[in-house]
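Trainee: Sharing a model prediction with you, sequence too.
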Number of protein chains: 2
Amino acid sequence: MRLSPLLTDLYELTMMQGYFLNDRNPRVVFDMFFRRQPFHGGFSLFAGLDDLLDGITGLSFSQDELEYLDSLKLFRREFLELLADFRFQGDIYSVEEGTPVFPNEPLIRVHGGLLETQLVESVLLTIINFQSLIATKASRILLASHGGNIVEFGLRRAQGVDGALSAARAAYIGGASATSNTLAGKLYGLPVRGTMAHSWVMAFDNELESFERYAELYPDMSVLLIDTYDTLGSGLANAIRVGRILKAKGKRLGVRLDSGDLEYLSKRVRRELDEAGLNDATIFVSNELDEEIIHELVTAGSPIDGWGVGTQLVTGGSEAAFSGVYKLVAKEENGEMIPTIKISNNPEKSTTPGIKQLYRYYDAQGTPLGDLLALEEENHPKDGPVVFHHPLYEERSFTLRDYAERRPLLTQVVRAGRRISPREQLPAVRERAIELVHHLDETYKRLLNPHIYKVSLSHRLKELKLSMLHSDHR
Amino acid sequence: MRLSPLLTDLYELTMMQGYFLNDRNPRVVFDMFFRRQPFHGGFSLFAGLDDLLDGITGLSFSQDELEYLDSLKLFRREFLELLADFRFQGDIYSVEEGTPVFPNEPLIRVHGGLLETQLVESVLLTIINFQSLIATKASRILLASHGGNIVEFGLRRAQGVDGALSAARAAYIGGASATSNTLAGKLYGLPVRGTMAHSWVMAFDNELESFERYAELYPDMSVLLIDTYDTLGSGLANAIRVGRILKAKGKRLGVRLDSGDLEYLSKRVRRELDEAGLNDATIFVSNELDEEIIHELVTAGSPIDGWGVGTQLVTGGSEAAFSGVYKLVAKEENGEMIPTIKISNNPEKSTTPGIKQLYRYYDAQGTPLGDLLALEEENHPKDGPVVFHHPLYEERSFTLRDYAERRPLLTQVVRAGRRISPREQLPAVRERAIELVHHLDETYKRLLNPHIYKVSLSHRLKELKLSMLHSDHR
């Protein structure tokens, strides 16, 4: 999909013009990072990169878009001429989609002229913030279900058309097995799934007929919605009748519960299905689910095989935004890249200066032990102990001696405006995400009040940040 | 923008095929209504209609889309041929965009064949739910600001590309005066606005220079961000220096606060601006605002002229979805339209059957007194007292005698698949919304714990619903 370069905050364009007219287009580096974990969780999943790279590397202004800008009476002819030839020509480094990530780590580094790096800010944040939010939510839901079958059902409650489409993509990366959104299936190659609505049951003369007609037509995906009239009465009885017909054909019944107490109903339904000899019949549930409800149901031993999750999965529910920001960390002066810092009265919000690599340390089983940010130029040694500095209390720092491996997480994906990383298939991204989350220590995966994963600065980076915090930059 | 007919839940398509193959395509009527007010508020603003009507009346399957469906191995040749010729040919009735609406009222009525009315369900809900959520949020923010100048700043935290675009549209309808989203400005003809980022200030050798360059270039929109280094120190002093230059040119300074305590800072900044003779300088604030924070700041007498609202406005914040649903209320049997009902164990969730008109009663000042749902065929009398039935306790019903006017709110907007309502300009929709909210009694506009607006059923409709609730429909 073409991304319009006008999908940007107006001030990016007015600032660009200002830089251009003041002849200020130094090379700069921006970091994208986030400030805190959503959902009170212990990790986030990074997502949205592929859509972002397609968007950024394809940016160009159409005649129509230039005419619109001209109509605003804010832009000079020579600047609009510059835009007419605009292509993003910078470099981008990024962690891989589906990687568990933590606050204050650079996830994307954008290198380029000030003008082009400023233009892409808004769209970078829109895409990465939203997809990372939803991938993270999906991962939490998958964890709560103990690896259950999660189907994304959120189209009708999503925030707009693309809110639905890119949520389907991100939910899949995070662990959903399918989406109900047909267009998302087509655009992203995702598995699509669906059952039936109450209106199907009501469109026939009676419930049994509606089930029979459905099972004849879709014997391989007969998930019958049994709560239109009376779940444990007519609904289940009619489903069992149809289930026996399906079984005789070598097919398997599914029933769906969309209301009522799902623990009570799933246990009752399971027992009656089993008593009817339909032991392979599956129970699928929906109805305003989220990870906490699913966790409770699973903990209580509810015999549920599949989960349709809508609103909460595609919007994030009570947390509708990811806290990603995009901050200047270095700029060229007299031919040299100089680190920059944004100082905040709130010490937590001051940025970490300089061009940085992000290293992850693992034990011999591949379990991450902690992350370290270091200046890229440090060429951080591969061996030997590494000190994880406590941000405030030096005496609470610790030295990591027994790690088996260390990997840099930021790799170059765009060079001089062209994608150089291979395009990944989503099933592979999804598998990697599930695998990487699997390797995280359980304490980081607790749904509430998780252990805080350690992210530290190298000694040199810490010294640089402290010296810049204490100098005057006005 | 073309809306793909695949932007639908898969089950709509599989059910459509089922109806088609079972030769069941009766004329039916669906109601779109919502179940509860978002944000614990007393009203919602209906929005999204124009986008929806464009989408629905333009629906058609491309060859590419049909091939995708074919690839799913779920659909038969004859059904795909039907889809190839598909156009929506039904009728749509709706309330106007920008109308304050209340739970359980039909806001849209879709009449047509079962197949076509089912296909449009998901997209109708996606568009109306999201835009109504955001228009409602914007209206609450405008109320909290006492009619202040609200600028929508949410692009970077929006839920995807269209989450940003349609949020900008809906926020404008609800009362925002402009958006920072340039593409939304172009697509919807919205006013666009912007100030500067901290990176602008940091890109120059010092803060004063950055302000001077900006004011030279944009003297008519010089809102200077003064909190990059020291708000009440260098920031304000440098802004005042530039403000005097602007004033000498007959231009007006604006300052923006994006951090810190906005009450304290705005009062201090106002005093110093006034002391410097810059009485016409304006103070614009941003930083994770919502209606509650704005309400507190306004109540405390903070001298703030404009508000940039991002995340909370474009996502709804802690409430990220509107509770709109789409339910079958009538279907053709033997040539007659028969009311239908969906009964729920939760009595609040049972639907109200039949083809209904929504009437609003006003006093002589145009203040709404209550809404009444009646069967369309009732031809409800224009004069005389009207009884508002309490849903549970008859003795708590009341009779409205002194109303000045009664208006039907549902009017036909699509006939046989074609739009028949004139396309409205957004500034007119916005003005109407602000005017209609202005006329609502203050008690419904309280931000928390508002008075509950009365919505009742006509005597005949109530009798119909009760009789259907008590009969057996299995």
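Mentor: That came in fine, so what should we check first? Numbers count the residues shown, from 1 in each chain, chains lettered A, B, ... in the order given.
Trainee: hey, let's count contacts and neighbours off CA atoms from now on
Mentor: Will do.
Trainee: Buried residues in stretch A:236-249, which are they?
Mentor: A:236, A:237, A:238, A:239, A:240, A:242, A:243, A:244, A:245, A:246, A:247 (16 or more other C-alpha atoms under 10 Å in any protein chain shown).
Trainee: do that stretch and chain B meet?
Mentor: No: using C-alpha under 8 Å from any C-alpha of the partner chain, stretch A:236-249 stays clear of chain B, coming no nearer than 10.8 Å.
Trainee: hang on, the earlier thing: out of the buried residues of stretch A:236-249, who's nearest chain B?
Mentor: Closest to chain B out of those is residue A:238 (10.8 Å), distances taken as C-alpha to the nearest C-alpha.
Trainee: from what I can see that closest one touches residue A:208, true?
Mentor: Yes: assessed by C-alpha atoms under 8 Å, residue A:238 is found in contact with residue A:208 at 5.4 Å.
Trainee: Narrow the buried residues of stretch A:236-249 to those in helices?
Mentor: Among the buried residues of stretch A:236-249, DSSP state H puts A:236, A:237, A:238, A:239, A:240, A:242, A:243, A:244, A:245, A:246, A:247 in helices.
Trainee: so where is chain A shaky, pLDDT-wise?
Mentor: A:1, A:347, A:380-383, A:390-395, A:472-474 (pLDDT under 70).
Trainee: for it, longest helix please?
Mentor: Max-length helix for chain A by DSSP H is helix A:121-144.
Trainee: Now that one: buried residues?
Mentor: Neighbour counts over helix A:121-144 (16+ other C-alpha under 10 Å) mark A:121-144 as buried.
Trainee: what does stretch A:370-379 give?
Mentor: Across stretch A:370-379, burial judged by 16+ other C-alpha under 10 Å covers A:370, A:371, A:372, A:373, A:374, A:375.
Trainee: sec struct for the residue in the stretch 301-450 of chain A that chain B sits nearest to, please.
Mentor: The nearest approach of the stretch 301-450 of chain A to chain B comes at residue A:318, 4.2 Å away (C-alpha to the nearest C-alpha). Following DSSP: H, G, I helix; E, B strand; the rest coil, residue A:318 is assigned to coil.
Trainee: Can you pull the residues of the stretch 301-450 of chain A lying near chain B?
Mentor: Counting by C-alpha under 8 Å from any C-alpha, the stretch 301-450 of chain A comes close to chain B at A:311, A:315-323, A:327-328, A:342-345.
Trainee: ok, 6 Å please
Mentor: When proximity is defined as C-alpha under 6 Å from any C-alpha of the partner chain, the stretch 301-450 of chain A approaches chain B at A:317, A:318, A:319, A:320, A:321.
Trainee: When you filter those down to buried only, what's left?
Mentor: Counted by 16+ other C-alpha under 10 Å, these give A:317, A:319, A:320, A:321 as buried.
Trainee: Leaving out sequence neighbours, find the closest residue to the last one.
Mentor: The shortest distance from residue A:321 to any residue other than its chain neighbours is 5.8 Å, reached at residue B:157 (C-alpha to C-alpha, 6 or more residues apart in numbering or on different chains).
Trainee: Also the second one?
Mentor: Distances taken as C-alpha to C-alpha, 6+ apart put residue B:318 closest to residue A:319, at 5.8 Å, once the chain neighbours are dropped.
Trainee: Please identify which two of the buried residues of stretch A:370-379 are farthest apart in space.
Mentor: Using C-alpha to C-alpha, those span at most 16.8 Å, a distance reached by A:370 and A:375.
Trainee: Got the domain ranges for chain A?
Mentor: If you go by automatic domain parsing, the domain ranges for chain A are A:10-134+A:320-470, A:148-315.
Trainee: got a list of what the residue most central in space within chain A touches?
Mentor: For chain A, the residue nearest the mean C-alpha position is residue A:132 (2.3 Å; C-alpha atoms, centre = their mean). With contact taken as C-alpha atoms under 6 Å, 6 or more residues apart in numbering or on different chains, residue A:132 is in contact with A:45, A:46, A:47.
Trainee: now do 7 Å
Mentor: Contacts here follow C-alpha atoms under 7 Å, 6 or more residues apart in numbering or on different chains; on that basis residue A:132 touches A:45, A:46, A:47, A:48.
Trainee: need the contact list for the nearest residue to the first one once chain neighbours are set aside.
Mentor: Once its chain neighbours are removed from consideration, residue A:45 has its nearest residue in residue A:100; the separation is 4.5 Å (C-alpha to C-alpha, 6+ apart). Contact criterion C-alpha under 7 Å, 6+ apart gives A:43, A:44, A:45, A:46, A:436, A:437 as the residues in contact with residue A:100.
Trainee: can you redo these as TSV with neighbour count and secondary structure?
Mentor: Converted to TSV, the contacts of residue A:100 look like this (neighbours: other C-alpha atoms under 10 Å in any protein chain shown; DSSP: H, G, I helix; E, B strand; the rest coil):
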residue	neighbour count	secondary structure
A:43	28	coil
A:44	28	strand
A:45	28	strand
A:46	28	coil
A:436	17	helix
A:437	24	helix
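Trainee: residues near residue A:447, how many?
Mentor: Residues lying near residue A:447 (other C-alpha atoms under 10 Å in any protein chain shown) number 19.
Trainee: If you drop the residues flanking it in sequence, what lies closest to it?
Mentor: In space, residue A:447 is closest to residue A:41, 5.9 Å off (C-alpha to C-alpha, 6+ apart).
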